[in-house]
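>>> below are the sequence and a predicted model; questions follow.
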Amino acid sequence: MDINHKLEELALSLYHIDAVKFGDFVTKSGIKTPVYFDLRVIVSYPGVMELISLLLYDNAIKDSKFDHVCGVPYTALPIATLLSVKTKKSMLMRRKETKSYGTKKSIEGHYKQGETCLIIEDVITSGSSVMETVTDLKKEGLKVEEAVIILDREQGGKTNLEANNIQIKSLFTMTELINILVKNNKISKQMGSDVINYLKNVQAPVTIAETDRTLLPYEKRAELTSNQIAKQLFTIMATKKTNLCLSVDLTLSTKILDLLQKVGEHVCLVKTHIDIIEDYTDNFIVQLKQLAQKFNFLLLEDRKYADIGHTVSLQYSKGLYKVADWADCVTVHSLPGEGILKALNGSVNNESKGVFLLAEMSSEGNLITPDYTEATVKMAAKYPELITGFVCQKKATFKDPGQIQFTPGVQLESSKDELGQVYNTPEKVVLENGADIIVVGRGIVAAKNPEIQAVVYKDTLWKCYTKRVSGKME
Ligand SMILES: O=c1ccn([C@@H]2O[C@H](COP(=O)(O)O)[C@@H](O)[C@H]2O)c(=O)[nH]1
């Protein structure tokens with residue numbers, strides 16, 4: 001019997017054992033559905049179990065290379081067991097609930113860091129259950145790149161998992177399963193198309209916030225943010241292929257404008273300290289904005305506001321520099337408390353503006369503690385539409401893939417300046433520390449040829465980012 005006949009046999013068996021049912025059902029979340037899948041019943045049918053493992057082996061597994069198999073608890077566990085025996089590869093088991101005693105391990109079995117694990121799952125909808133298992137395996141240092149599935153409901157799971165660098169092979173898509181049942185007169189044509197249309201319209205939400213944000217491409221993260229400036233920055237980075245922010249720490253406006261004419265095409269963001277400019281005029285801002293438009297970069301004023309809300313709202317919108325009129329985003333300390341964010345939220349009204357909150361600093365001996373960092377991230381969570389991201393140094397500082405890690409203190413070689421600035425390399429900040437936008441000041445500005453140096457930084461940083469999201473890290 002060929003594979004198509006065997007798939008047909010499996011589809012009909014699933015129908016006969018009531019693993020697929022049609023009618024009026026209500027899901028756990030109270031939504032009406034015309035179809036219901038419950039593959040938990042397969043354990044009572046050894047013939048079906050045997051057929052599933054045979055088909056998964058022939059169709060999806062026999063050419064794959066892996067050291068272990070792991071079933072997503074619970075329905076896929078017995079299938080994973082059969083496949084472990086068939087392939088003679090060891091099986092790992094993920095505990096849904098971590099033990100509160102003994103080893104407290106979430107993954108049972110023997111394995112070594114760097115070994116690969118293949119995931120087995122019965123049905124995917126959004127892909128979140130597969131992702132939970134992937135996350136736990138990765139925490140243990142295992143590599144996970146592939147999952148094999150019995151049924152893909154075609155509700156976003158494949159896209160979500162592929163965005164997390166997990167390739168999917170399934171025995172059936174929902175459409176294929178329904179077509180077999182229609183062809184064999186198990187359900188009417190009308191019922192078949194109703195079900196397919198229904199399931200395609202009820203797309204599962206993207207549920208990847210628990211996954212490692214740094215593995216997602218900028219395009220995907222643009223879809224996951226609530227802040228308009230973060231959305232624009234992710235899109236600019238993906239389009240211009242640059243995650244370089246130039247810190248134009250120069251004191252003459254003409255020098256800044258000259259430099260940006262040369263390097264504007266290589267950056268996604270330009271960071272200013274407006275109050276260090278000695279020949280400031282409103283015309284400087286007009287020209288700065290023209291360059292931003294011409295080269296498609298955004299403007300960040302690194303003002304590091306740190307006063308009470310009322311004062312900050314004045315500093316932001318009034319005075320000589322009227323920052324609110326031209327800067328797309330600003331940097332802000334969380335030190336004074338939430339009032340500072342309320343003030344900025346109030347000042348921007350409905351305009352698209354953003355805030356990078358300082359959660360950590362690059363300078364040696366700074367007084368920010370882990371508790372302060374954690375409280376800063378918590379505070380930001382209350383203002384998702386205002387917060388673009390965090391000025392920080394570590395990947396673990398925050399999880400939300402819709403927010404941007406903005407990391408200063410970067411040069412091609414690790415070093416320090418004479419006033420305590422600490423420099424890490426592009427490889428370290430992007431691959432190890434999770435930086436999304438990387439700030440370079442003197443590394444470019446003080447170079448003999450800033451234009452050439454900007455290209456060197458841009459290319460090096462982008463290479464690190466593509467390596468990170470392709471999952472090809474040693
Ligand atoms: O923790 C922080 C926060 C901000 N900065 C700013 O970034 C640039 C870095 O310039 P380099 O010449 O590359 O050192 C500068 O404007 C700082 O004010 C930071 O360095 N560290």
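Received the coordinates, thanks.
>>> tell me the spatial nearest neighbour of Ile61, not counting adjacent residues.
On the basis of C-beta to C-beta, 6 or more residues apart in numbering, the spatially nearest residue to Ile61 that is not a chain neighbour turns out to be Val148, at 6.1 Å. For every residue, glycine as well, the C-beta is placed using N, CA and C.
>>> with just CA atoms, put stretch 192-203 into PDB.
The C-alpha trace of stretch 192-203 is given here as PDB (Å, rounded to 0.1, in the frame of the first residue of the first chain):
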ATOM      1  CA  GLY A 192     -16.300  20.100   4.500                       C
ATOM      2  CA  SER A 193     -16.100  23.600   3.100                       C
ATOM      3  CA  ASP A 194     -18.000  25.100   6.100                       C
ATOM      4  CA  VAL A 195     -15.400  23.600   8.400                       C
ATOM      5  CA  ILE A 196     -12.400  24.700   6.400                       C
ATOM      6  CA  ASN A 197     -13.700  28.300   6.100                       C
ATOM      7  CA  TYR A 198     -14.600  28.400   9.700                       C
ATOM      8  CA  LEU A 199     -11.200  27.300  10.900                       C
ATOM      9  CA  LYS A 200      -9.300  29.600   8.500                       C
ATOM     10  CA  ASN A 201     -11.300  32.600   9.700                       C
ATOM     11  CA  VAL A 202     -10.800  31.800  13.400                       C
ATOM     12  CA  GLN A 203      -7.000  32.300  13.300                       C
END
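>>> let's test this: mean pLDDT of that stretch, rounded?
Taken as a whole, stretch 192-203 carries a mean pLDDT of 81.
>>> now swap in stretch 366-376 and tell me
97.
>>> chain center to the helix or strand that contains Asp459: distance?
Assigned by DSSP states H and E, Asp459 belongs to helix 450-470. Centroid separation for helix 450-470 versus its chain: 20 Å, with C-alpha atoms, centre = their mean, to the nearest Å.
>>> ranges for the helices of the stretch 251-400 of the chain?
Listed in chain order, the helices of the stretch 251-400 of the chain (DSSP state H, counting those that start in this stretch) span residues 253-263, 282-295, 309-317, 323-326, 339-348, 370-380.
>>> just send these back as CSV, with distance to Asn243 too.
Conversion of those to CSV gives the following (distance: least, C-beta to C-beta, whole Å):
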stretch, distance to Asn243
helix 253-263, 14
helix 282-295, 15
helix 309-317, 27
helix 323-326, 23
helix 339-348, 25
helix 370-380, 21
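>>> residue ranges with poor pLDDT in the stretch 1-150 of the chain?
1, 26-31, 97-104 (pLDDT under 70).
>>> which residues of it lie near the ligand?
Residues of the stretch 1-150 of the chain lying near the ligand by C-beta under 6 Å from any ligand atom: none.
>>> next one: the stretch 151-300 of the chain
Counting by C-beta under 6 Å from any ligand atom, the stretch 151-300 of the chain sits next to the ligand at 247, 249, 273.
>>> top of those residues by neighbour count?
For these, the largest number of neighbours (other C-beta atoms under 10 Å) sits with Ser247, at 21 neighbours.
>>> excluding residues flanking it in the chain, which one is nearest that residue?
Gly441 (3.6 Å).
>>> that neighbour against Pro408, yeah?
Yes: at 7.5 Å, Gly441 counts as touching Pro408 under the criterion of C-beta atoms under 8 Å.
>>> looking at those two, which is more packed in?
Pro408 (26 against 21).
>>> let me see the contact set for the residue in the stretch 1-150 of the chain positioned nearest to the ligand.
Nearest residue of the stretch 1-150 of the chain to the ligand, counting by C-beta to the nearest ligand atom: Lys139, 28.5 Å away. Going by C-beta atoms under 8 Å, 6 or more residues apart in numbering, Lys139 touches Ser106.
>>> can you check Leu252 too?
Shown in contact with Leu252 (C-beta under 8 Å, 6+ apart): 277-279.
>>> among these, which one lies nearest to the ligand?
For those, the closest approach to the ligand (C-beta to the nearest ligand atom) belongs to Ile277, at 13.1 Å.
>>> domain ranges for the chain?
3-201, 214-470 (automatic domain parsing).
>>> touching, Gly71 and Leu77? I think so.
Yes: if you go by C-beta under 8 Å, Gly71 and Leu77 touch, sitting 4.3 Å apart.
>>> ok, the two, which is more surrounded?
Between Gly71 and Leu77, Gly71 has the larger neighbour count (other C-beta under 10 Å), namely 25 against 17.
>>> identify the residue spatially nearest to that one, adjacent ones excluded.
Once flanking residues are discounted, Gly71 sits nearest to Ala80: 3.1 Å by C-beta to C-beta, 6+ apart.
>>> residues in contact with Glu364?
By C-beta under 8 Å, 6+ apart, the residues touching Glu364 are 416, 420-422.
>>> let's see it at 6 Å
Residues near Glu364 by C-beta atoms under 6 Å, 6 or more residues apart in numbering: 420, 422.
>>> where's it relative to Ser247, distance?
With distances taken as C-beta to C-beta, to the nearest Å, Glu364 is found 18 Å from Ser247.
>>> the residue nearest to Asn345 when sequence neighbours are not counted: neighbouring residues, count only.
Spatial nearest neighbour of Asn345, chain neighbours left out: Leu386 (5.1 Å); criterion: C-beta to C-beta, 6+ apart. Per other C-beta under 10 Å, the neighbour tally for Leu386 reads 22.
>>> I'd say Leu386 and Ser347 touch.
No: counting by C-beta atoms under 6 Å, Leu386 stays clear of Ser347, with 10.3 Å between them.
>>> excluding chain neighbours, give the residue nearest to Leu12 in space.
Asn184 (6.1 Å).
>>> any residues in contact with both of Gly441 and Pro408?
Among the neighbours of Gly441, none is also in contact with Pro408 (C-beta under 6 Å, 6+ apart).
>>> taking the stretch 351-474 of the chain, what residue is nearest to the ligand?
Gly441 (2.5 Å).
>>> my read: that residue touches Asp249, true?
Yes: in this structure, Gly441 is within contact of Asp249 by C-beta under 6 Å, at 5.0 Å.
>>> now the strands for the stretch 351-474 of the chain?
Along the stretch 351-474 of the chain, counting by DSSP state E, counting those that start in this stretch, strands occupy 354-358, 387-391, 404-407, 415-416, 422-423, 437-440.
>>> looking at those, which is closest to Gly109?
In this view, the strands of the stretch 351-474 of the chain are compared for proximity to Gly109 by C-beta to C-beta, and strand 404-407 is the closest at 33.8 Å.
>>> that closest one pairs with which strands, parallel or anti?
Under the criterion DSSP bridges, strand 404-407 sits next to strand 387-391 (parallel), strand 437-440 (parallel) in its sheet.
>>> state the mean pLDDT of it.
Mean pLDDT, computed over strand 404-407, is 98.
>>> tell me how many other residues surround the nearest residue in space to Thr254 that is not next to it in sequence.
In this structure, Thr254 finds its nearest non-sequential neighbour in Asp279, 7.4 Å apart by C-beta to C-beta, 6+ apart. Close neighbours of Asp279, defined as other C-beta under 10 Å, add up to 10.
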